[in-house]
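Give me coordinates for this.
(one chain, ligands or ions: 2)
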Amino acid sequence: MHFSLLISLTLSVVSHIAARPITSSEIVANSAKGLRLLSLADGEEPVWKSEADLINLRKQGKHFFDVTEVYEAEQKLPAKAKAAAVTYPTTFHASTLTPILNTVSTSNMQTNLASLTAYNNRYYKSTTGAAASTFIRDKIASYISTYSRTDVTVSLYSHSFVQSSIIAKIPGKTTGAVTIIGAHMDSINLSSPSSGRAPGADDDGTGTVNLIEAFRVLLAADFRPATPVEFHWYAAEEVGLLGSQAIATAYKSAGVNVKAFMELDMSGYFKPGTKEVMALQADYIDTSLNTFLKALITQYSRIPWAMDIACAYACSDHASWYKAGFPSSFPYEAITGNDDPNVHSASDTTSVTGFSWAHSLEFAKIGVAFVYELAI
Ligand SMILES: *[C@@H]1O[C@H](CO)[C@@H](O)[C@H](O)[C@H]1NC(C)=O
Ligand SMILES: [Zn+2]
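Ligands and ions are numbered 1, 2, ... in the order given. The predicted model follows:
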């Protein structure tokens, strides 16, 4: 995700622009020319940009939703659609959950991250980006098989580009609102997106392997929740949140009821010499869900939570769920400024000073706890 904060803080001026609607034929014609429709700020009409401009915006640290493929579906959704407020638990199942959290394995995460960082990059248009997607799907399928869970499913969610998102589903004993935890699988080298080296170890290899391990641990514990749980690995976060927007918009359109969403995007680094925290994003999140998350961290992690500064518009996949009207949250590796400065480059590896598996482990544990306490 991140590292620029300059922009968003100034932007929340509400403007109701009676702009000309962007038509289907305009979208078809401009897409065919390689243009992308970007939403750059809250309340502003999206604008057409070339792909080169899109990458340049990212180089400047700017974030945006690329709405090219969801604009029309979003126009059909009720404006400002907000789910009914959810009441989150205030008491926890520590005696049953703590032993499960103790089984979260750093070495499994290391092994899986080594596989993911071995791809030259995980860019959403590259063959290695597609291969990374298949790798995650196959790993999850292997756990489903190992733990003989014929009720659990995993599938690729395909997009207009070669990298697919992945959705794994653990059914509930009853139907009910679904609890979702997400991370993004893609990586990017901003100097040379399609062929440049982008190991993406922290961004977002860490969140990706935190989720893979959280999933394994829950299956190993024979977790059979009362309400459904989903694990999502998103394609194409780095170029405008394409995977998470496609899925969040589809869920909204289909009337899926989402209890809570949590993103894990970067969990392995905090600046040497600074206080180790779980930094809770302050914007584009649900405050009730954040209250739950704070209590969860206090209960189950050795690291305290701290509030981060605003992350900015469209800074990671939680924003796609927020935009679709669902409760979202996002614990991040460090207060912005103390986070990993090596992202989006060949230097995003686990060997940088400040990278800590012991730190990342806590986020995997909170991932398990989030799912368990909300869905049990
Ligand atoms: C991008 O990739 C190229 C080629 O792999 C590499 O030389 C360069 O250092 C990378 N850029 C950054 C910013 O890491
Ligand atoms: Zn990221």
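
Every contact and neighbour count from this point should use C-alpha atoms.
OK.

can you give me the helices for the stretch 101-250 of the chain?
Here the stretch 101-250 of the chain has its helices, by DSSP state H, counting those that start in this stretch, at 106-118, 127-146, 207-220, 242-254.

Going by neighbour count, which residues in the longest one are buried?
Meaning helix 127-146. 127-134, 136-137, 140-141, 143-144 (16 or more other C-alpha atoms under 10 Å).

Output it in PDB with nothing but the alpha carbons.
What follows is helix 127-146, C-alpha atoms only, in PDB (Å, rounded to 0.1, in the frame of the first residue of the first chain):
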ATOM      1  CA  THR A 127       2.700 -14.800 -16.500                       C
ATOM      2  CA  THR A 128       4.500 -15.000 -13.100                       C
ATOM      3  CA  GLY A 129       1.700 -13.000 -11.600                       C
ATOM      4  CA  ALA A 130      -0.800 -15.600 -12.900                       C
ATOM      5  CA  ALA A 131       1.500 -18.400 -11.600                       C
ATOM      6  CA  ALA A 132       1.500 -16.900  -8.100                       C
ATOM      7  CA  SER A 133      -2.300 -17.000  -8.200                       C
ATOM      8  CA  THR A 134      -2.300 -20.700  -9.100                       C
ATOM      9  CA  PHE A 135       0.300 -21.400  -6.400                       C
ATOM     10  CA  ILE A 136      -1.900 -19.900  -3.700                       C
ATOM     11  CA  ARG A 137      -5.000 -21.700  -5.000                       C
ATOM     12  CA  ASP A 138      -3.100 -25.000  -5.000                       C
ATOM     13  CA  LYS A 139      -1.700 -24.500  -1.500                       C
ATOM     14  CA  ILE A 140      -5.200 -23.900  -0.100                       C
ATOM     15  CA  ALA A 141      -6.500 -26.900  -2.000                       C
ATOM     16  CA  SER A 142      -3.800 -29.000  -0.500                       C
ATOM     17  CA  TYR A 143      -4.900 -28.000   3.000                       C
ATOM     18  CA  ILE A 144      -8.500 -28.700   2.200                       C
ATOM     19  CA  SER A 145      -7.400 -32.200   1.100                       C
ATOM     20  CA  THR A 146      -5.000 -32.700   4.000                       C
END
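
who does that helix touch, helix- and strand-wise?
Applying 3 or more C-alpha pairs under 8 Å, 6 or more residues apart in numbering; DSSP states H and E, we find helix 127-146 packed against strand 153-157, strand 165-170, helix 207-220.

can you list contacts of that helix?
For helix 127-146, the surrounding residues in contact (C-alpha atoms under 8 Å, 6 or more residues apart in numbering) are 116, 119-124, 150, 152-156, 162-166, 168, 185-186, 212, 215-216, 219, 235.
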